[in-house]
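S.K.: give me coordinates for this.
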Amino acid sequence: MRSSTNNLILSGIAIAVGFALVFVLSGYINTVKPPLPEGYEDQDLSLQGAKLKNYSLGFNGLIADWYWMQSLQYLGGKILNNQDSAVTIENLRPLNPRLLYPMLDNATELDPHFSAAYSFGAVVLPAIDPEQAIAFTEKGIRNNPNEWRLYQHLGFIYWRLGNYEKAADAYQRGSEIAGAPPFFKMMVASMKKEGGSRDTARAIYRQLLEQAEDDQTRKVATLRLQEFDSLDERDAMNKVLAEYKEKHGRCIGGMAELVPLLRPVKLPNGLDFHIDRSNALVDPSGVPYVLNVETCTVEQNPKSEIPTI
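M.R.: From the prediction side, this is the model:
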């Protein structure tokens with residue numbers, strides 16, 4: 001009996017060490033491998049999470065983490081190698097990241113309670129395939145029926161699609177779960193009354209930022225919140241420019257002239273205009289705004305990282 005126990009322990013240690021060596025070797029290979037042909041990284045996955053479940057010898061969580069890290073590296077590599085200016089956080093289809101869903105699906109097959117993977121998929125997949133995003137989040141709800149964050153993600157997806165009725169239903173279902181924040185009931189009302197408003201969008205992304213479980217979700221939410229602040233700023237600046245042009249019959253000569261004209265202006269939500277050390281009006285990311293003299297309007301600088309709509 002003692003011999004059998006020792007053999008079992010030694011076998012477990014050998015397997016654990018083997019998996020650790022696989023990760024180390026994988027990292028080494030990535031640093032020394034030669035350039036691969038374009039599209040090589042998009043070869044179909046040879047293994048499926050559901051099939052691995054019965055053969056992972058209790059290491060489901062470890063393999064799920066591997067698929068999770070692969071999904072992050074896969075999408076990150078696509079973005080870094082992208083040369084298409086049409087790619088935005090709202091539309092990742094030009095990247096053709098067709099393996100992202102299978103990787104996330106594998107991770108959550110191996111670990112059905114992998115909340116970070118579900119959150120990442122719910123935020124990113126709508127920019128690739130909304131139907132996949134819905135199916136993936138619904139899968140998370142089936143596996144974790146008492147996790148209110150998944151209903152938040154589902155409501156977010158339907159809101160992005162403009163389906164405010166289904167978004168309200170998702171938030172309503174989430175509000176009935178123990179521990180769900182009051183935000184859910186607020187969103188039910190907002191979806192029914194003003195689903196497409198900027199204030200509703202700001203509330204959704206603010207909550208998403210507060211509940212984010214990964215850096216990618218935080219970045220998307222932060223950029224979106226900066227976008228809404230920038231839109232409020234430009235609306236206010238363009239209103240002042242229109243009044244100035246009507247009064248003087250011409251546009252201002254440059255952005256520097258606009259700064260003193262904005263002093264009495266109040267922005268929504270108690271925010272202030274952003275002015276850098278050189279006294280230039282900048283967007284929330286710190287990039288200077290641009291004056292279009294022909295239209296007499298303030299525009300976002302093409303160098304800004306803030307998304308445009």
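
S.K.: low pLDDT regions in the chain?
M.R.: Residues of the chain that meet the criterion pLDDT under 70 lie in 1-58, 85-86, 308-309.

S.K.: now the strands for it?
M.R.: Shown for the chain, the strands assigned by DSSP state E span residues 274-275, 281-282, 290-292, 297-299.

S.K.: just name the most buried of the ones you listed.
M.R.: strand 281-282 (a mean of 20; mean count of other C-beta atoms under 10 Å). C-beta here means a position set from N, CA and C on the backbone, and glycine is covered the same way.

S.K.: which of the strands of the chain sits closest to residue 147?
M.R.: strand 274-275 (37.4 Å; C-beta to C-beta).

S.K.: which residues sit against the closest one?
M.R.: Strand 274-275 is contacted by residues 233, 259, 281-284, 286 when judged by C-beta atoms under 8 Å, 6 or more residues apart in numbering.

S.K.: among those, who's most crowded?
M.R.: Neighbour counts for these (other C-beta atoms under 10 Å) peak at residue 233, which has 25 neighbours.

S.K.: distance check, it against residue 103.
M.R.: 39 Å (C-beta to C-beta, to the nearest Å).

S.K.: tell me where the stretch 151-300 of the chain has helices.
M.R.: 164-175, 183-194, 198-211, 215-248, 258-261 (DSSP state H, counting those that start in this stretch).

S.K.: list the buried ones in stretch 124-133?
M.R.: 124-129, 132-133 (16 or more other C-beta atoms under 10 Å).

S.K.: re earlier: please identify the most buried of the helices of the stretch 151-300 of the chain.
M.R.: Buried most deeply of the helices of the stretch 151-300 of the chain, by mean count of other C-beta under 10 Å, is helix 164-175, with a mean of 20.

S.K.: burial count for residue 277?
M.R.: Residue 277, neighbours per other C-beta under 10 Å, totals 5.

S.K.: same question for residue 146.
M.R.: Quick note: residue 146 (other C-beta under 10 Å) scores 10 neighbours.

S.K.: now do the contacts for residue 70.
M.R.: residue 103 are the contacts of residue 70 under C-beta under 8 Å, 6+ apart.

S.K.: domain map for the chain?
M.R.: 1-31, 56-222, 229-299 (automatic domain parsing).

S.K.: residue 241 is nearest to which of the strands of the chain?
M.R.: strand 297-299 (6.4 Å).

S.K.: same for that closest one, what does it pack against?
M.R.: helix 215-248, strand 290-292 (3 or more C-beta pairs under 8 Å, 6 or more residues apart in numbering; DSSP states H and E).

S.K.: which other residues reach the last one?
M.R.: Around strand 290-292, the neighbours that count as contacts under C-beta under 8 Å, 6+ apart are 251-252, 254-255, 258, 297-301.

S.K.: how far off centre is it?
M.R.: Chain-centre distance of strand 290-292: 30 Å, with C-alpha atoms, centre = their mean, to the nearest Å.

S.K.: wait, residue 238 sits on residue 300?
M.R.: No: applying C-beta atoms under 8 Å as the test, residue 238 and residue 300 come out as separate, 11.9 Å apart.
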